[in-house]
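Colleague: got a predicted structure plus its sequence, pasted below:
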Amino acid sequence: MSVSAAAGSWRAGDDAGYVGRFAPSPTGPLHAGSLVAALASWLDARARSGQWLVRIEDVDLPRCVPGADEIILQQLATCGLVPDAPPVWQSQRDALYQTALDHLVSSGHVYPCACTRSDIAQANAALGRVKPRHGDLVYPGTCRPAQGGLQGQAARAWRAQVPEAPNDLVCWQDRRLGPQTQRLAEAVGDFVVKRADGLWAYQLAVVVDDAAQGITHIVRGQDLADNTPRQVELQGWLGLPTPHYLHTPLVLGENGEKLSKQNGAQALDLSTPLQALRAAGQTLGLPLTLTQATSVPDWLTQATAAWADITPA
Ligand code: GLU
């Protein structure tokens, strides 16, 4: 088996210089699910005497809601979750992403793509493939350089060219979920790093920023676990270290799917922040004895000790 650049993720845990982060997309205020990820990343950083940063992931501008960033920062502060350095906004970091793209272009890991959504749907239909209920169609490789490239058409997006060998797996270790593997060619195919609308794709921005901010430990919702292999692959191509990962349990909506605005997530009720923290703590499996804490700082202190007890290094 050829293991991609994920090798870095097997390094033994070393708390010296722990830097963690919470990276919300400002598409609306925090809801109960996003508080779980925020709290877990904060607790993990505190339990390891590390630094905790906040990065506002506003690259997908059409989905961002004006003012949601400030509301999120305020909600975090109300819960006692205050970053150790001023937050950064991805919309102000274009130059970093461009440098990374230039690197990927010159190393031949990405290629320009002229396909529209309907081109991709048609090419997949011709191959007899249908869109999975919770996923995207795998890109059929139409604009791959080996298949003739753009063939005179105008480039729209940039795509990462994932390895195709049947045994080419990305392997990574999750502190909660254990060893993970994914074959990128089958799971996602050649994924977009710069979109047809000119915006940076989440996969590229997140990898560049985690490295630029010196993030050593990523703690985030389990819905992002299947994105991790793409990020590990990009880290390898860009010569960046792979952080340690922990994906947290999700809060589910009434339909049994991850809580989101689409399935009825309400903005967090922070009239009693302690109650919101307790609910988030329960999702994380923190012991119910924490209910004895009567103030937010007390609860956070007790929760940090409890987190250290129940969380593998
Ligand atoms: N911005 C992403 C989100 O809100 C999270 C990114 C991450 O933690 O890697 O879903």
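Modeller: Nice, I can see it. Residues are numbered from 1 along each chain as shown.
Colleague: phi, psi for residue 39 please.
Modeller: With angles defined as degrees, to the nearest 10, residue 39 sits at phi -60, psi -40.
Colleague: residue 219 touches residue 44, doesn't it?
Modeller: Yes - Residue 219 is in contact with residue 44 according to CB atoms under 8 Å; the separation is 4.9 Å. Backbone N, C-alpha and C define where each C-beta goes, glycine included.
Colleague: overlap of the contact sets of these two?
Modeller: 20, 246 (CB atoms under 8 Å, 6 or more residues apart in numbering).
Colleague: show me what from this protein comes close to the ligand.
Modeller: Within the chain, the positions near the ligand by CB under 6 Å from any ligand atom are 23, 24, 25, 57, 206, 220, 224.
Colleague: tell me what the closest residue in space to the last one that isn't next to it in sequence is bridged to.
Modeller: Among residues not flanking residue 224 along the chain, residue 247 sits closest, at 6.6 Å (CB to CB, 6 or more residues apart in numbering). Partner residues in beta bridges with residue 247: residue 220, with DSSP bridges as the criterion.
Colleague: contact partners for residue 247?
Modeller: Counted by CB under 8 Å, 6+ apart, residue 247 has contacts 174, 176, 177, 219, 220, 221, 222, 224, 225, 228.
Colleague: packing partners for the helix or strand the last one falls within?
Modeller: Going back to what we said before, that points to residue 228. Using DSSP states H and E, residue 228 sits in helix 228-238. Secondary-structure packing of helix 228-238 (3 or more CB pairs under 8 Å, 6 or more residues apart in numbering; DSSP states H and E): helix 94-106, strand 157-160, strand 168-174, strand 178-182, helix 184-187, helix 202-212.
Colleague: can you give me the strands in the chain?
Modeller: Listed in chain order, the strands of the chain (DSSP state E) span 2-3, 19-22, 51-56, 88-89, 110-113, 157-160, 168-174, 178-182, 192-194, 217-221, 244-248.
Colleague: for the second one, packing partners?
Modeller: Same thing as strand 19-22. If you count contacts as 3+ CB pairs under 8 Å, 6+ apart, strand 19-22 packs onto helix 32-47, strand 51-56, strand 217-221.
Colleague: how about these in JSON lines, adding mean pLDDT and mean neighbour count?
Modeller: Below are the helices and strands packed on strand 19-22 laid out as JSON lines (pLDDT from 0 to 100; neighbours: other CB atoms under 10 Å):
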{"stretch": "helix 32-47", "mean pLDDT": "97", "mean neighbour count": "24"}
{"stretch": "strand 51-56", "mean pLDDT": "98", "mean neighbour count": "22"}
{"stretch": "strand 217-221", "mean pLDDT": "98", "mean neighbour count": "23"}
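Colleague: distance to residue 285 added to the ones you listed, as JSON lines?
Modeller: Listed next are the helices and strands packed on strand 19-22 as JSON lines, based on distance: least, CB to CB, whole Å:
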{"stretch": "helix 32-47", "distance to residue 285": "10"}
{"stretch": "strand 51-56", "distance to residue 285": "20"}
{"stretch": "strand 217-221", "distance to residue 285": "14"}
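Colleague: who wins for proximity to residue 191 among the ones you listed?
Modeller: strand 217-221 (18.4 Å; CB to CB).
Colleague: centroid residue for the protein?
Modeller: Nearest to the mean C-alpha position of the chain, by CA atoms, centre = their mean, lies residue 224 at 5.2 Å.
Colleague: ok, now how distant is that one from residue 206?
Modeller: Noted for residue 224: a distance of 9 Å to residue 206, by CB to CB, to the nearest Å.
Colleague: ok, whichever residue of the stretch 51-200 of the chain sits closest to the ligand - contacts?
Modeller: Here the stretch 51-200 of the chain gets closest to the ligand at one residue, residue 57, 3.6 Å apart by CB to the nearest ligand atom. By CB under 8 Å, 6+ apart, the contact set of residue 57 is 23, 24, 25, 26, 90, 202, 205, 206.
Colleague: returning to what we had before: pLDDT wise, what is the residue nearest to residue 224 at?
Modeller: Note on residue 247: pLDDT of 98.
Colleague: again, but for the one 5 residues further on
Modeller: Taken from the predicted model, the pLDDT recorded for residue 252 is 83.
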